[in-house]
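**Student:** okay, here's the prediction I keep looking at, along with the sequence it came from:
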Amino acid sequence: MKFTLISLFNKSHKNLDKIIIIAILLLGFFLRYYNLTGVPYGFHGDEAAIGYNAYTILTKGTDEYGVPFPLFFRSFGEYKSAVEIYSTVPFIIILGLNEFSTRLVSVFYGTLSLIALYFFTLELFKNDKNKKLIAIFSLFFLAISPWDVQFSRVAYELMPFVFFTILGLYLFLKAQYTAKLLPAAILSFILALYSYFTGRLFIPVFGLVIFIFYFKFFYTHKKATIISILLLGILLIPFIQNLSTPAGWVRWEQSSLVYHPPQTESVTQAVMQNYANHFSLKFLFLQGDSAMPGNRILRDAIKGMGELYLFQLPLILLGLYVLFRQHFKRKDNAIKIILLLLILYPLGGMFAADGNPFARRSIIGVIPFQILTGLGTVYLLQIFTKMKRTYSMICIAIVVVSIVISFIYYLQLYFIAYPKYSSSWWGWQYGPRDIISYYLDHRSQYDELIMPYVFNGPYEFYKFYAPNKCFNCLIGLPDNYYTSYSKQLFALTPDYFASHTMYSYKILKTLYYPNGTKAFVLTELTKKKME
């Protein structure tokens, strides 16, 4: 006895799809929200900079350097984009300046991205009889995506970029039938551009190709096009002004192959190799970002799996097959946009000189890969439904078990194993919160409280954890600051003690990494007398 996919959503279960969608959204939210300040274990300087700049915008109307309401925030020798920082302000108003409120912004945008992807996929396949199933599966795979979850739990600039890109695509597709929505689509793409540095590369190129592909639409709807062009021109003025200054090129100069050419090959060869690496099995399905040559950073991915689940590989290939078989001849929106996203997704990282590919810079790839997985899954189910019922159920059970086992394996890798090796220097740099908390509790007892240089932007942590509270807090080592006539408290790494035996130490508190090794020791010290 055979059954059909449509039977899953027949009239007797008319609310089943809504129940499934809500359940997936709750699962996606839970994965992004659960133990938010405990995993990752630590809080990076980039996160602290975003939170503190949002705090100064709220309290002073300026960034941390006194610039009123900027669109590009100076930080650590580069410039951060504005959307994440301004989006953090309401969360600080409600919850105060802390790690939770700062990271919650990414949870918010990550969850919105799930909703946006569902409606975008529904619109993308609006002429497909299984459009709802494709959208639901695409939503599910994004909800459990290791690639997306990784960045939806930390205060980076990525998730607004993903959300506004998906929203812009959805609004653009809707504008094909309601042209007055075109300016809204343009606004969303502009917000994506201002969200993250990669967006400054991806959005203009993507937008130009879209304009070429859909030139007939723009030409036919002149009024909406003219309004959109005017809006685009006005909103791009700050971006163009920024590009006309040295500040606009700082990040490019720091990391691009143009300014840091390889020694063993041409820049063109390196760029093409970087591009190809984004489609490698090693990066996508086997080992992921953390195993790429030259990349020691542990903040962008977990060890033990790729950016995508291994079970997605055959489903993505099936999705590509269906895309070409069913949509190529029609030349509809699905074939154009999915292939364009797939082809251009490495754009943010292919010019990088400092290790490649980076999951962070290529984050926009989560969109086409999850949709292709959803499309391939529906096609696979269609194949199963043509079998006898017993064989169909066995095959479906195998697929479900594979997905469940892979998902459980990921949860173990991320929530249990990941904190144990990702909290030190190349990871999330645990330490400042607990050090500064102790300093604040005991600052009246000391003339100086001194934290070491072993963090990215260490002064940023004093601003974040103790704004206008810790005036006697410094950054350095006993080598720089020790005096016999001041009451001082130092935070030192365990290695410091063995190499500096000229001091006597009075240990007051020891901080540990999740794996049980010593992270920092809070100590008073005196210099030994020379015999």
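**Tutor:** Yep, that arrived.
**Student:** residues contacting F206?
**Tutor:** 340-341, 344 (C-beta atoms under 8 Å, 6 or more residues apart in numbering). Glycine gets a C-beta too; all of them are placed from N, C-alpha and C.
**Student:** what mean pLDDT would you report for stretch 483-502?
**Tutor:** Per-residue pLDDT over stretch 483-502 has a mean of 92.
**Student:** tell me which stretches of the stretch 401-531 of the chain form helices.
**Tutor:** 418-421, 432-442, 458-465, 478-481, 494-499 (DSSP state H, counting those that start in this stretch).
**Student:** sec struct for R325, please.
**Tutor:** Secondary structure assignment for R325 (DSSP: H, G, I helix; E, B strand; the rest coil): helix.
**Student:** low-scoring stretches of this protein, by residue?
**Tutor:** 1-14, 77, 329-330, 355, 529-531 (pLDDT under 70).
**Student:** which parts of it belong to which domain?
**Tutor:** 5-36+43-156+264-421, 432-527 (automatic domain parsing).
**Student:** what is the end-to-end distance of the shortest one?
**Tutor:** Looking back up the chat, that one is domain 432-527. One end of domain 432-527 to the other measures 26 Å (C-alpha to C-alpha, to the nearest Å).
**Student:** out of the helices of the stretch 401-531 of the chain, which gets nearest to R299?
**Tutor:** With C-beta to C-beta, the closest approach to R299 among those belongs to helix 418-421: 10.4 Å.
**Student:** and H221, its phi and psi?
**Tutor:** Main-chain dihedrals, H221, degrees, to the nearest 10: phi -100, psi 70.
**Student:** so what's the spatially closest residue to it that is not a sequence neighbour up against?
**Tutor:** Distances taken as C-beta to C-beta, 6 or more residues apart in numbering put A179 closest to H221, at 4.0 Å, once the chain neighbours are dropped. By C-beta under 8 Å, 6+ apart, the residues touching A179 are 221, 223-224.
**Student:** in TSV: the residues you listed, plus neighbour count and distance to S280.
**Tutor:** As requested, these are arranged in TSV below (neighbours: other C-beta atoms under 10 Å; distance: C-beta to C-beta, whole Å):
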residue	neighbour count	distance to S280
H221	17	41
K223	10	46
A224	20	41
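**Student:** closest one to Y196 out of these, please.
**Tutor:** Once C-beta to C-beta is applied, the member of these that ends up nearest Y196 is A224, at 27.3 Å.
**Student:** do I have it right that the closest one meets Y177?
**Tutor:** No - the pair A224 and Y177 does not pass the contact test of C-beta atoms under 8 Å, sitting 11.9 Å apart.
**Student:** pull the longest helix from the protein.
**Tutor:** helix 99-124 (DSSP state H).
**Student:** tell me which residues of the helix or strand just after that one come out buried.
**Tutor:** Sequence-wise, the next helix or strand downstream of helix 99-124 (DSSP states H and E) is helix 131-143. Residues of helix 131-143 classed as buried: 131-143 (neighbour count, 16 or more other C-beta atoms under 10 Å).
**Student:** mind listing the residues bridging to L511?
**Tutor:** F520 (DSSP bridges).
**Student:** next up, the contacts around it.
**Tutor:** Applying C-beta under 8 Å, 6+ apart, the residues near L511 are 430-431, 434-435, 518-522.
**Student:** among these, which ones are buried?
**Tutor:** Among those, those classed as buried by 16+ other C-beta under 10 Å are 430-431, 434-435, 519-522.
**Student:** okay if I get the domains of the chain as TSV plus distance to I229?
**Tutor:** Putting the domains of the chain into TSV (distance: least, C-beta to C-beta, whole Å) gives the following:
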stretch	distance to I229
domain 5-36+43-156+264-421	21
domain 432-527	40
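**Student:** show me where the stretch 401-531 of the chain has strands.
**Tutor:** For the stretch 401-531 of the chain, strands defined by DSSP state E, counting those that start in this stretch occupy the ranges 448-451, 473-475, 488-492, 503-512, 518-527.
**Student:** among those, which comes closest to F328?
**Tutor:** Shortest separation from F328 across the strands of the stretch 401-531 of the chain is recorded for strand 518-527, at 55.4 Å, computed as C-beta to C-beta.
**Student:** how far off strand 503-512 does that closest one point, in degrees?
**Tutor:** 160 degrees (axes from the mean of the first three to the mean of the last three C-alpha atoms, to 10 degrees).
**Student:** contacts made by strand 518-527 with the rest, please.
**Tutor:** 423-424, 430-431, 435, 438, 452, 478, 482, 484, 488-494, 497, 502-513.
**Student:** show the buried residues in the residues you listed.
**Tutor:** By 16+ other C-beta under 10 Å, the contacts of strand 518-527 give 423-424, 430-431, 435, 438, 452, 478, 482, 488-492, 497, 503, 505, 511, 513 as buried.
**Student:** residues in contact with F43?
**Tutor:** Per C-beta under 8 Å, 6+ apart, neighbours of F43: 37, 99, 428-430, 432-433.
**Student:** ok, so of the buried residues of helix 131-143, who is nearest L235?
**Tutor:** Once C-beta to C-beta is applied, the member of those that ends up nearest L235 is L142, at 27.9 Å.
**Student:** just give the nearest non-adjacent residue to that closest one, would you?
**Tutor:** Q370 (4.4 Å).
**Student:** hmm, Y118 and the one you found touching each other?
**Tutor:** No - using C-beta under 8 Å, Q370 makes no contact with Y118, being 10.7 Å away.
**Student:** more neighbours: which of the two?
**Tutor:** Q370 (28 against 23; other C-beta atoms under 10 Å).
**Student:** restrict the strand or helix carrying that one to CA atoms and write it as PDB.
**Tutor:** Per DSSP H and E: Q370 is located in helix 366-385. This file holds the C-alpha atoms of helix 366-385, laid out as PDB (Å, rounded to 0.1, in the frame of the first residue of the first chain):
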ATOM      1  CA  VAL A 366      23.800  28.600   5.200                       C
ATOM      2  CA  ILE A 367      21.000  29.800   3.000                       C
ATOM      3  CA  PRO A 368      21.400  27.800  -0.300                       C
ATOM      4  CA  PHE A 369      22.800  24.700   1.400                       C
ATOM      5  CA  GLN A 370      19.800  24.300   3.700                       C
ATOM      6  CA  ILE A 371      17.300  25.000   0.900                       C
ATOM      7  CA  LEU A 372      19.000  22.400  -1.300                       C
ATOM      8  CA  THR A 373      18.900  20.000   1.600                       C
ATOM      9  CA  GLY A 374      15.200  20.600   2.000                       C
ATOM     10  CA  LEU A 375      14.600  20.200  -1.700                       C
ATOM     11  CA  GLY A 376      16.600  17.000  -1.800                       C
ATOM     12  CA  THR A 377      14.700  15.600   1.200                       C
ATOM     13  CA  VAL A 378      11.300  16.100  -0.400                       C
ATOM     14  CA  TYR A 379      12.500  14.400  -3.600                       C
ATOM     15  CA  LEU A 380      13.900  11.500  -1.600                       C
ATOM     16  CA  LEU A 381      10.500  11.100   0.100                       C
ATOM     17  CA  GLN A 382       8.800  11.100  -3.200                       C
ATOM     18  CA  ILE A 383      11.000   8.200  -4.300                       C
ATOM     19  CA  PHE A 384      10.200   6.400  -1.100                       C
ATOM     20  CA  THR A 385       6.400   6.900  -1.500                       C
END
